[in-house]
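Visitor: Predicted model, plus sequence, below.
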Protein chains: 6
Amino acid sequence: MKRGFYIGRFQPYHNGHQSVLEHIAHDVDEIVIGIGSAQLSHVDDNPFTAGERVLMITRALASLGCPFYVIPIEDIKRNALWVAHVLSMTPPFDLCYSSNPLVVRLFKEAGIHVQSPAMYERDTLSGTEIRRRMLNKEPWKSLVPPAVVQVIREIDGVERLRQISQKD
Amino acid sequence: MKRGFYIGRFQPYHNGHQSVLEHIAHDVDEIVIGIGSAQLSHVDDNPFTAGERVLMITRALASLGCPFYVIPIEDIKRNALWVAHVLSMTPPFDLCYSSNPLVVRLFKEAGIHVQSPAMYERDTLSGTEIRRRMLNKEPWKSLVPPAVVQVIREIDGVERLRQISQKD
Amino acid sequence: MKRGFYIGRFQPYHNGHQSVLEHIAHDVDEIVIGIGSAQLSHVDDNPFTAGERVLMITRALASLGCPFYVIPIEDIKRNALWVAHVLSMTPPFDLCYSSNPLVVRLFKEAGIHVQSPAMYERDTLSGTEIRRRMLNKEPWKSLVPPAVVQVIREIDGVERLRQISQKD
Amino acid sequence: MKRGFYIGRFQPYHNGHQSVLEHIAHDVDEIVIGIGSAQLSHVDDNPFTAGERVLMITRALASLGCPFYVIPIEDIKRNALWVAHVLSMTPPFDLCYSSNPLVVRLFKEAGIHVQSPAMYERDTLSGTEIRRRMLNKEPWKSLVPPAVVQVIREIDGVERLRQISQKD
Amino acid sequence: MKRGFYIGRFQPYHNGHQSVLEHIAHDVDEIVIGIGSAQLSHVDDNPFTAGERVLMITRALASLGCPFYVIPIEDIKRNALWVAHVLSMTPPFDLCYSSNPLVVRLFKEAGIHVQSPAMYERDTLSGTEIRRRMLNKEPWKSLVPPAVVQVIREIDGVERLRQISQKD
Amino acid sequence: MKRGFYIGRFQPYHNGHQSVLEHIAHDVDEIVIGIGSAQLSHVDDNPFTAGERVLMITRALASLGCPFYVIPIEDIKRNALWVAHVLSMTPPFDLCYSSNPLVVRLFKEAGIHVQSPAMYERDTLSGTEIRRRMLNKEPWKSLVPPAVVQVIREIDGVERLRQISQKD
């Protein structure tokens, strides 16, 4: 049994995440997906709640063909404790997949093996770009799995983002 | 689509929880399982980490036949905010199943429908009793699903409980 | 201008508090009333929210004839910082009225003058006794100002207390 | 009985706030005034303590002719919980007055009615502008009620702002 | 270079601690002394501040003949993160000396070597017993190093303990 | 006995700090050195843990000739409580040495005497400049005491800084 860990903020979950997870699914027996900054929502760069993100990911991966866990991870705001925090909230895993330099460093200092998956089309497949398009009424739906379009529609997510992005 | 919420501390997950969840599975399309006091571990009445409890529950429910989410919920320590906290961490649900009087009250004050499932054999099927038996080297394995026995063995759980229960 | 500070948890506000405040009103020009443990509610010994307690106190003192401020004070859980915390949340005051030994000690160590008002009928005029009577369906309404009876009725307070006091 | 809620940081309380509250006073029977970011003080954009702001507001509204409550509200740093936090700290209210887009959104998602009062002279009647003038020794006293000028003098507020705004 | 870690609450620091540290001094090149529950003070079982405890320890060990560090460690309230918290606050160490079962367990699960030093005269050489004697005006000074008697006198420690131990 | 307090973040400890402390050593009998933002590490402007900074300072001051205490101080994030927090974590002191305007203001408002030591060569002798040089592979070792060079080498500090400073 080999278990891999993958973490992101998923604001929102998009095709780049989906592609990475489909690759990880070939390498491991089970995937643990951590939702970072789980306590944040309703702000410009973190519009969706942890629960909404759980829903996006679970639906989008319905046919992944590899068992997975989706775990909200609240920020601990102390980098030196973050790996211990993640480990306490997740089933044990054998390696971490991340291309975030801080995540890579923290796991390596803790003696945990890290692999950096290739991210393709980083320019368009990023939460920042997708939120920018939502705000500017540009096309964004092709950048996320269909299940994510549906969740965002159900929660009125684009309108929420537009409203909270206005200045006082 | 009808989604139900069920919360417990699951220290450990036992046959009483399993029985309730099997009943809920007949009533709803999806179940959201909240792991309460997720931040606690390594104390007498909360020996297991949230991640260990995620593992117990997921394995024990492998053949439930009803989709479910397992979500660690850290304590917020303000009862008046607890329902909002739960709602932010979970996919939206239609009703809550609980027989805990505080949980029932808080959800009702928030206008959320609550059902209190029958718990049978409360005397033996309780985390308190199971931990007591572990400490006293009495039989406890018949009170939990086989998958939970396996998880507790893998994490050396009984020895951990015995050690942390010693007085200084 | 002489301003006095008085703090309590007011679970609920009762005739003992009222009597002390009426005496203080003769000594000072303005009273600052701190509501301690403001973040707590819906537990056996702290059933009411800070907002509900603000309402009880403000209504009960409507005809006090001395200006007063009612300020919720969340616990800081560090005694050595508590006086600084109180001072940051309140208009400046000249002396503190308290018979709580810890409050007396902390203010004295901070160099603030403290007076301990006489509390009469401590046996019956206590939050503990009033909550006990509410739980046991014994008479309690004569122990609190009429405005408090009304607030507790409006918020269904006795039923809330009974429900959250049940064991799981 | 109709109660309205109005929230601001009041750094400092100024004529724009005063004007809005005078209008609200005609619409409701009681006003609940929340002091946001109550825990902050002694920083460039939040120089005054919650207690100092309580004093400014209470004195400035002495002749409002409508009962009001002034309640410090500490930040909860989780938007999804903020409305529940506000509700727990305040007497119950029927509607919220706010033109802050995030506040409007959060209250609307919670099903609470919101009205956006007209703010006139936003360019000069803003805390940011008043603090800028204080720092630059430009005239600012005409922008706040006389009672606020007095409080700021008593606490040596302008000098405090100038000192903490210096760079190390 | 071999560095050892020793942790206690030191309420107050007494001859039992002194004896253990004198033994450790023979085994290692440097000692890191952690003051646990550093944020607590002015309560029955934690009367002294972290700073006061730093002073007691440093003075009592003035002639130890082994370099030592005295580090206040605030509680993190998550056992699974506690070792990482300790490690982030202290110079790196090679082994931990503790007879507290939870400390032993947590360090062992983190793969850090632990030794349990012999504690002699546990009945009298305990903080609990010394505080009990202080409260009851029984002799306690022979149980602590002379430097500790002096610190407690300077801070009026016995009177503080007596006052905060009174019931309301 | 005259005790002085000096606080910094020491990211890293450099010759400017060393110079100030050597001057303070002539004025007082003992020095209390507070390590600010002790909980931070592994970020661009706070790369080192509190424990690593304890080690740098203690080694660099080995031949200071004046007794000193090195105390990690976690942020309290409430300026109005910060002085009380510092006082609770440190042995009592008579005056504070600081040129940080906020620190000066907060101690003065608390009635504690403050002296602002001359800082020379502020352009190069600053943590910001030293971290910039580390990132850009420019010479930095001459700006810190030799003991600090050694600690940073032992913990692989420059490589850590470079890695966490990369963008995702």
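Guide: On my side now, so go ahead.

Visitor: Quick check: the gap between A:W82 and C:K2.
Guide: 51 Å (CB to CB, to the nearest Å). C-beta: built from backbone N, CA, C; applies to glycine.

Visitor: A:E159 now?
Guide: Going from A:E159 to C:K2 by CB to CB gives 54 Å.

Visitor: Which of A:W82 and C:K2 has more residues huddled nearby?
Guide: A:W82 (22 against 10; other CB atoms under 10 Å in any protein chain shown).

Visitor: For the closest residue to A:E129 other than its chain neighbours, report the pLDDT, please.
Guide: Distance criterion CB to CB, 6 or more residues apart in numbering or on different chains; nearest residue to A:E129, sequence neighbours excluded, is A:D123 at 6.9 Å. pLDDT, A:D123: 79.

Visitor: And for A:S99?
Guide: Looking at A:S99, its pLDDT stands at 89.

Visitor: any weak-confidence spans in chain A?
Guide: Applying pLDDT under 70 to chain A flags the ranges A:120, A:168.

Visitor: and the longest helix for it?
Guide: In terms of residue count, the longest helix belonging to chain A (DSSP state H) is helix A:15-27.

Visitor: which residues make contact with that one from outside it?
Guide: By CB atoms under 8 Å, 6 or more residues apart in numbering or on different chains, the surrounding residues in contact with helix A:15-27 are A:2, A:4, A:6, A:8, A:10, A:31, A:33, A:57, A:60-61, A:64-66, A:68, A:97, A:117, A:119-122, A:125-126, A:143-145.

Visitor: From the chain's centroid, how far away is whichever helix or strand comes after that helix?
Guide: Next helix or strand after helix A:15-27 toward the C-terminus (DSSP states H and E): strand A:30-35. Average the C-alpha atoms of strand A:30-35, do the same for its chain, and the two points are 9 Å apart (CA atoms, centre = their mean, to the nearest Å).

Visitor: helices or strands next to strand A:30-35 in the packing?
Guide: strand A:3-8, helix A:15-27, helix A:50-60, strand A:68-72 (3 or more CB pairs under 8 Å, 6 or more residues apart in numbering or on different chains; DSSP states H and E).

Visitor: Using CSV, write down the CA coordinates of that strand.
Guide: Only the C-alpha atoms of strand A:30-35 are listed here, as CSV (Å, rounded to 0.1, in the frame of the first residue of the first chain):
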residue,chain,number,x,y,z
GLU,A,30,-4.5,5.9,-2.4
ILE,A,31,-4.3,9.7,-2.5
VAL,A,32,-4.7,12.1,0.4
ILE,A,33,-5.8,15.6,-0.9
GLY,A,34,-5.3,18.4,1.6
ILE,A,35,-7.3,21.6,1.2
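
Visitor: That strand pairs with which strands?
Guide: With DSSP bridges as the test, strand A:30-35 is paired with strand A:3-8 (parallel), strand A:68-72 (parallel).

Visitor: Can I get those in CSV including mean neighbour count?
Guide: Shown next, in CSV, are the strands paired with strand A:30-35 (neighbours: other CB atoms under 10 Å in any protein chain shown):
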stretch, mean neighbour count
strand A:3-8, 22
strand A:68-72, 23
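
Visitor: In space, what's closest to A:R3 - neighbours in sequence excluded?
Guide: A:F93 (4.2 Å).

Visitor: what about that neighbour, which SS state?
Guide: State at A:F93, reduced to three classes by DSSP: H, G, I helix; E, B strand; the rest coil: coil.

Visitor: That one is in contact with A:D29, isn't it?
Guide: No - with contact defined as CB atoms under 8 Å, A:F93 does not reach A:D29; the gap is 10.6 Å.

Visitor: Find residues that contact each of the two.
Guide: Common contacts of A:F93 and A:D29 (CB under 8 Å, 6+ apart): A:R3.

Visitor: Quick one: neighbours of the closest residue to A:G4 other than its chain neighbours, just the number.
Guide: Excluding the flanking residues, the one nearest A:G4 by CB to CB, 6+ apart is A:V28, at 4.0 Å. Look at A:V28: counted by other CB under 10 Å, it has 21 neighbours.
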